[in-house]
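**Q** Whatever this is, show me its structure:
(2 chains)
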Amino acid sequence: MSVAAFYAGYSSLILFAGVAALLALSVYVTLMAGQLSLGNAALAAIGGYTAAILTRDHHVPLGPAVLAGAAVATVVAVAIGIPSLRLRGIYLALATLAFGEVVRTAALNLKITGGALGLIGIPALVGFWQVYGTLAAAALFFYRLERSRVGRAFAAIRADEAAAQAMGIRITHYKVLSFAIAGFLAGVAGGLSVHFTYIISPSQASFTEAVNILTFAIVGGTSTFLGPIVGGILLTVLPEALRFLRDYRLFLDGAILMAVTIYFPNGIADPRLWRWRRVRR
Amino acid sequence: MTVFLQQLLNGISLGSVYALFAVGFTIVFGVLEIINLAHPAVLAIGALVAYSLFTTLRVAMPLAIVGTLVATGLLGVVLDAAAFRPLRARRAGPLASLITSIGAALILVNLAQKVWGTEPLSYPPGTIPVRFFTVGGVTISLLQLMILATVVVLVVGLELLLARTRVGIAIRAVAENPTTASLLGIPFNRVVMFTFFLSSALGGVAGLLVGMLFQGSVSPFMGDTYGLKGLAAIILGGMGDVTGAMLGGLVIGIGEVMIVQYLNSSYRDAVAFGLLFLVLVIRPTGLLGQQRSREA
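**A** The predicted model follows:
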């Protein structure tokens, strides 16, 4: 089978995998700073709705529309992030979860978002290059980020918040920054995805969707940026490959999630795991 | 005024179901400081087990409550052994438990789909009492009275168990400080197992009561709605606080009914979550919680 024919047959799956990787990266960036956010699905939905309204109703070109969506998502993420960052761990996760539900309910009830039906007939503007070009740019960004002053500050906060503060790291500043990057990435992912699914509905801001995104990141692993990318792509492609098990899709997702958390606490793309394998061999 | 009193009554009976569910949520948090996101799936399985008891064995409501209590309680024990104990052995943080509980919830919902199907079910006619009493213009149904009685009996029973019995004292000791409790000879894992039994048993009965309160609401997915409301309730009341969870559940139940009556029904859910968000941001310890809970 030629590459072109393969792509034609699986194009939407391939695009979904790329978007999943982007969304997983958006969860990863807050995890880098030790913050668990369950609001990323809602941020992606905000980006998606904004971009869709711009391209569909106002004929704005794709690039500016996606960037506008990402900008709105960033602003919302910062607005949510600042008050929420007084909270830690579980409490932050719950606050972001509540935020996601508020977004979902708002999307269900507002006129501009098309209510329960959502928006349909969004123009087809996104293909392989837009999604994977963005993913490549994001990967490069994270490669640089992890080795930068900011990345080290994130890592310090993740390891020990009090110690990081004692070292003079401006904790709130960096936490809000991680939320802003997460909002931007989620917004871009949302803005891209609606232009190849052609629809967006309130369920895209749901708790289930937020959990899916978190699953991508956790299963892939959160010690480097490669983890979320691997996790997002693998967990999008795998269920399709295991289609004969469709009735047990949720069971499989749950079992993978549990097994990875229990047995591979650093995810399947953990560098230490593979080094260990090589030594053994 | 009658309308207000009527709605207050409706809100209390709805809120008492939320409260029962939230109490189960909160005791696990109180003891282990983990959020068990499989608790909503346990609610759904409780409602479905009760459906099977009603349809195949044709039992009456009190027996169905006992049957559900035992079945979901045992489910809680299995849940602990499969999802949480391996993580405790490794001393993993609370976020890892949050994630395995999500995994366990997916598995339970999928299994429930296989056993009971995906269509919403209703309890057979005759299982739900249809008598009404009118007092001063306010109507109360026998069902509402039975629900209130069930919740009061279970929660008072739980409070007594925690306050007076040996196992209750052990649970409180573990909640206070697991290391010290273990050093003093309290069997940590058994206490945790029993806590999960209690929590899931209450969650399962809450599912049964939801099924009685709303026709056609019983399905493997019914937990989704209640899970988030239960979270809102325990955060409102202060995490780990049984009385707080009761209050939180009642506030949300009454609030929802009042919003539908006086404002707009489509914003009913948003208010619970908006409230949750506000409480977290303004007073993360909840209405009754202690200062320490924010640090967790």
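**Q** Please point out which parts of the longest helix seen in chain A sit buried.
**A** Using DSSP state H to define each element, chain A has its longest helix at helix A:3-32. For helix A:3-32, the neighbour count (16 or more other Cβ atoms under 10 Å in any protein chain shown) marks A:14-32 as buried. Yep, even glycine has a C-beta here, placed from its N, CA and C like the rest.
**Q** cool, and stretch B:45-57?
**A** B:Ile45, B:Gly46, B:Ala47, B:Leu48, B:Val49, B:Ala50, B:Tyr51, B:Ser52, B:Leu53, B:Phe54.
**Q** do the same with stretch A:243-254
**A** A:Tyr248, A:Leu250, A:Phe251, A:Leu252, A:Asp253, A:Gly254.
**Q** wait, what's in contact with the first one?
**A** In other words, A:Tyr248. B:Asn110 (Cβ atoms under 8 Å, 6 or more residues apart in numbering or on different chains).
**Q** now the strand or helix carrying A:Ala259: how far from the chain's centre is it?
**A** A:Ala259 is part of helix A:249-263, with elements assigned from DSSP states H and E. What separates the centre of helix A:249-263 from the centre of its chain is 19 Å, taken as Cα atoms, centre = their mean, to the nearest Å.
**Q** helices and strands around it, which ones?
**A** helix A:207-220, helix A:226-241, helix B:85-90, helix B:94-116 (3 or more Cβ pairs under 8 Å, 6 or more residues apart in numbering or on different chains; DSSP states H and E).
**Q** Reformat the ones you listed as TSV; add mean pLDDT, distance to B:Tyr226 and mean neighbour count.
**A** Listed next are those as TSV, based on pLDDT from 0 to 100; distance: least, Cβ to Cβ, whole Å; neighbours: other Cβ atoms under 10 Å in any protein chain shown:
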stretch	mean pLDDT	distance to B:Tyr226	mean neighbour count
helix A:207-220	85	12	24
helix A:226-241	86	27	21
helix B:85-90	86	25	16
helix B:94-116	88	12	22
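**Q** could I get those helices as a markdown table with distance to B:Val155?
**A** Formatted as a markdown table, these follow (distance: least, Cβ to Cβ, whole Å):
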| stretch | distance to B:Val155 |
| --- | --- |
| helix A:207-220 | 27 |
| helix A:226-241 | 41 |
| helix B:85-90 | 27 |
| helix B:94-116 | 23 |
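**Q** A:Leu192: which of those is closest?
**A** Nearest to A:Leu192, of all the helices and strands packed on helix A:249-263, is helix A:226-241, at 13.4 Å by Cβ to Cβ.
**Q** hmm, back to that, can you say which of the helices and strands packed on helix A:249-263 is nearest to B:Val70?
**A** So among the helices and strands packed on helix A:249-263, helix B:94-116 is nearest, using Cβ to Cβ, at 17.1 Å.
**Q** The next helix or strand after the closest one pairs with which strands, parallel or anti?
**A** Remark: after helix B:94-116, the chain's next helix or strand is strand B:132-135, criterion DSSP H and E. When pairing is defined by DSSP bridges, strand B:132-135 lines up against strand B:138-141 (antiparallel).
**Q** what does the next helix or strand after the partner strand rub up against?
**A** Downstream of strand B:138-141, the next assigned helix or strand under DSSP H and E is helix B:142-164. Residues from elsewhere that reach helix B:142-164 (Cβ under 8 Å, 6+ apart): B:9-10, B:12-13, B:16-17, B:19-20, B:23, B:27, B:61, B:65, B:128-133, B:167-168, B:171-172, B:198, B:202, B:205, B:209, B:212-213, B:242-243, B:246.
**Q** so where's the stretch 51-200 of chain A uncertain?
**A** Applying pLDDT under 70 to the stretch 51-200 of chain A flags no residue at all.
**Q** Which positions in it make contact with chain B?
**A** Residues of the stretch 51-200 of chain A that fall close to chain B, judged by Cβ under 8 Å from any Cβ of the partner chain: A:83-84, A:86-91, A:93-95, A:97-99, A:101-102, A:105-106, A:108-109.
**Q** change it to 10 Å
**A** Neighbours of chain B within the stretch 51-200 of chain A, by Cβ under 10 Å from any Cβ of the partner chain: A:80, A:82-106, A:108-109, A:115-116.
**Q** just checking, which of those belong to helices?
**A** A:80, A:82-84, A:89-106, A:108-109.
**Q** Please pick the buried ones from these.
**A** A:80, A:84, A:89-106, A:108-109.
**Q** Let's have the buried residues of stretch B:45-57 in a markdown table, adding pLDDT.
**A** Formatted as a markdown table, the buried residues of stretch B:45-57 follow (pLDDT from 0 to 100):
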| residue | pLDDT |
| --- | --- |
| B:Ile45 | 95 |
| B:Gly46 | 94 |
| B:Ala47 | 93 |
| B:Leu48 | 94 |
| B:Val49 | 93 |
| B:Ala50 | 91 |
| B:Tyr51 | 91 |
| B:Ser52 | 91 |
| B:Leu53 | 90 |
| B:Phe54 | 88 |
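**Q** Farthest-apart pair in those residues, please.
**A** For the buried residues of stretch B:45-57, the farthest-apart pair by Cβ to Cβ is B:Ile45 and B:Phe54; their separation is 14.7 Å.
**Q** follow-up on the earlier one: return the subset of the contacts of helix B:142-164 lying in helices.
**A** Short answer: the contacts of helix B:142-164 in helices (DSSP H) are B:9-10, B:12-13, B:16-17, B:19-20, B:23, B:27, B:61, B:65, B:167-168, B:171-172, B:198, B:202, B:205, B:209, B:212-213, B:242-243, B:246.
**Q** are any of these buried, and which?
**A** Buried, going by 16+ other Cβ under 10 Å: B:9-10, B:12-13, B:16-17, B:19-20, B:23, B:27, B:61, B:65, B:168, B:171, B:198, B:202, B:205, B:209, B:212-213, B:242-243, B:246, out of those.
**Q** how about the buried residues of stretch A:243-254 in TSV, adding pLDDT?
**A** Formatted as TSV, the buried residues of stretch A:243-254 follow (pLDDT from 0 to 100):
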residue	pLDDT
A:Tyr248	81
A:Leu250	80
A:Phe251	85
A:Leu252	83
A:Asp253	79
A:Gly254	85
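**Q** Confidence-wise, which helix or strand of chain B is lowest on average?
**A** helix B:268-282 (a mean of 73; mean pLDDT, DSSP states H and E).
**Q** With just CA atoms, put that helix into CSV.
**A** Taking C-alpha atoms only, helix B:268-282 is exported to CSV below (Å, rounded to 0.1, in the frame of the first residue of the first chain):
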residue,chain,number,x,y,z
ARG,B,268,-29.0,24.0,37.6
ASP,B,269,-25.7,22.1,37.2
ALA,B,270,-23.6,25.2,36.6
VAL,B,271,-24.5,26.6,39.9
ALA,B,272,-23.3,23.5,41.8
PHE,B,273,-19.9,23.7,40.0
GLY,B,274,-19.7,27.5,40.2
LEU,B,275,-20.3,27.2,43.9
LEU,B,276,-17.6,24.4,44.1
PHE,B,277,-15.1,26.6,42.3
LEU,B,278,-15.9,29.6,44.5
VAL,B,279,-15.6,27.6,47.8
LEU,B,280,-12.3,26.2,46.6
VAL,B,281,-10.9,29.6,45.8
ILE,B,282,-12.3,31.6,48.8
